[in-house]
Every structure is written in C-alpha cells, then in structure tokens.
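>>> Provide a 3D model corresponding to the input given below.
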Amino acid sequence: QVQLVESGGGLVQAGGSLRLSCKASGRTGSIYDMGWFRQAPGKEREFVAAISWLGGRTYYVDSVKGRFTISKDNAKNTVYLQMNSLKPEDTAVYYCAAALTNQAMGDPDRYNYWGQGTQVTVSS
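Okay, the predicted model is just below:
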C-alpha cells in the first residue's frame, strides 16, 4: 500500500503562483512514476504532469508547459507541482497519484494509488 497526502492548494489571483506538495508513505520503494491530475466541475479528470520516481524524467500536458514544474525529493518521499502564471481555467481539484509500473506518465489507468485531492481556485 502507498498513501498519498496532498497539500498547498488555495485561492490565488490570475497570474499568481502556488506550490502543491504530495507526500508518499508506505511502500514508496515500489513507486515508478508519480503524477498530478486535476478535475474541474463538470469535467473529466485531466492529466497535468508526471515524473519518474528514480530517473526524474518529466512529462506535461501542453496547456501547462512553461508554467508548471513537477519535481521530487526522494529523501522526503515528496513530489511537488510548482504552478506559475495561473489562469482561471486552472481551477480544479488537483490529485496526486502513484504508479507501481513504469511508463505510466499521462495514463490515469496505470496509476495505482491516489490522494484525496486539494482545491486550487484561480480568480480573474
């Protein structure tokens, strides 16, 4: 089992920044990829960014490239999502996920564990 706890969400004005954190516990040695997804009201869950747990390879959805950065601190078992130049359309509940197989990247079906989510609201 892997437990994931997100933090760092909140209310910010357009153009502002937030940093989300996701701390993993449990069988962290089994993790291959970590990802961030988001779900806005009335919309399907959407992939945002992913990082390979060991190699650090990253992958982003086009809409956040150049604005968001995913990073990790293996010693702290924590993944971060730095979000800059936020837009109202970034408003959503953001979820952290862990995959126990490699190459999961943007495919939500390949992630095995999910956090409870943290709300990000960007006002115009």
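
>>> need the contact list for the residue positioned nearest the centre of the chain.
Nearest to the mean C-alpha position of the chain, counting by Cα atoms, centre = their mean, stands Trp36 at 2.1 Å. Going by Cβ atoms under 8 Å, 6 or more residues apart in numbering, Trp36 touches 20, 22, 48-50, 70, 79, 81, 94-97. Quick note: C-beta positions are derived from backbone N, CA and C, even for glycine.

>>> swap the cut-off to 7 Å and go again
When contacts are counted by Cβ atoms under 7 Å, 6 or more residues apart in numbering, Trp36 touches 48-49, 70, 81, 94, 96.

>>> Need the max-distance pair from those residues.
Ile70 and Tyr94 (11.6 Å; Cβ to Cβ).

>>> that older thread, which of the contacts of Trp36 fall in strands?
Judged by DSSP state E, strands contain the following of the contacts of Trp36: 48-49, 70, 81, 94, 96.

>>> So which residue of this protein lies furthest out from the middle?
Distance-from-mean max, the chain, by Cα atoms, centre = their mean: Ser124 at 22.7 Å.

>>> Could you list the buried residues of stretch 57-64?
59-61, 64 (16 or more other Cβ atoms under 10 Å).

>>> Just send the residues you listed back as CSV, with secondary structure and distance to Thr101 too.
Output for the buried residues of stretch 57-64, formatted as CSV (DSSP: H, G, I helix; E, B strand; the rest coil; distance: Cβ to Cβ, whole Å):
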residue, secondary structure, distance to Thr101
Tyr59, strand, 15
Tyr60, strand, 20
Val61, coil, 20
Val64, helix, 24
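
>>> wait, which of these is closest to Asn112?
Of all the buried residues of stretch 57-64, Tyr59 has the smallest distance to Asn112: 17.7 Å, by Cβ to Cβ.

>>> so what's that closest one bridging to?
Ala50 (DSSP bridges).

>>> Could you list the low-pLDDT ranges of the chain?
Within the chain, not a single segment meets pLDDT under 70.
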